[in-house]
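# no sequence on hand, only this structure:
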């Protein structure tokens, strides 16, 4: 069965689901300002699921969702940031002021 990636915006989670089980997830928040942005802060692939490309699929889907919504992504998650650096054609670098705003919002309201 294929892995389905579902966005649970209210919970700040993007989940990879296979056969009814969560096999990976990204924890993120929506930046309040200066402009709206999606901010991934943690990527998890469940034990025994590593090496299947699940983490990369989750990050790719987060960037797709952001593009569909016309908002940037500010990858504070080290895994998402590394993925973005390897895929600059899919993951535009956020403006420095957005990074600063995302870091400040995360510090004030840790996820």
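Now that the structure is in, tell me what you want to look at. Remember, predicted model here, so these are calculated numbers, not experimental data.
# so which strand or helix has the residue nearest the centre of the chain?
With distances taken as CA atoms, centre = their mean, the residue of the chain nearest its centroid is residue 40 (3.8 Å). Taking DSSP states H and E as the definition, one finds residue 40 inside strand 37-45.
# strands along the chain, start to end?
Along the chain, the segments classed as strands by DSSP state E run 4-8, 13-18, 21-31, 37-45.
# just the pLDDT for residue 1.
On pLDDT, residue 1 comes in at 62.
# err, residue 70, not the other one
So, for residue 70, pLDDT stands at 94.
# let's have the chain start at 45 instead
Will do, 45 is the new start, and the previous item becomes residue 114.
# how far does the strand holding residue 84 sit from its chain's centre?
Centroid separation for strand 81-89 versus its chain: 4 Å, with CA atoms, centre = their mean, to the nearest Å.
# so which of the strands of the chain is the most packed in?
Among the strands of the chain, strand 81-89 has the highest mean neighbour count (mean count of other CB atoms under 10 Å), at a mean of 22. Bear in mind the C-beta positions are built from the backbone N, C-alpha and C, glycine included.
# between strand 65-75 and it, find me the angle.
Here strand 81-89 points in a direction 160 degrees away from that of strand 65-75 (axes from the mean of the first three to the mean of the last three CA atoms, to 10 degrees).
# and strand 81-89, what does it pack onto?
strand 65-75, helix 98-113, helix 122-130, helix 140-152 (3 or more CB pairs under 8 Å, 6 or more residues apart in numbering; DSSP states H and E).
# what does that strand contact?
Among residues not part of strand 81-89, those counted as contacts by CB atoms under 8 Å, 6 or more residues apart in numbering are 58, 60, 67-75, 96, 98-99, 102-103, 106, 109-110, 113, 115-121, 123-124, 138, 142, 146, 149-150, 155.
# relative to residue 87, how far out is residue 122?
Distance, residue 122 to residue 87, by CB to CB, to the nearest Å: 8 Å.
# so residue 123 makes contact with residue 103?
Yes: here residue 123 lies in contact with residue 103, judged by CB atoms under 8 Å, at a distance of 7.1 Å.
# which one of these two has more residues nearby?
Shown here are residue 123 and residue 103; by other CB atoms under 10 Å, residue 103 has more neighbours (27 against 18).
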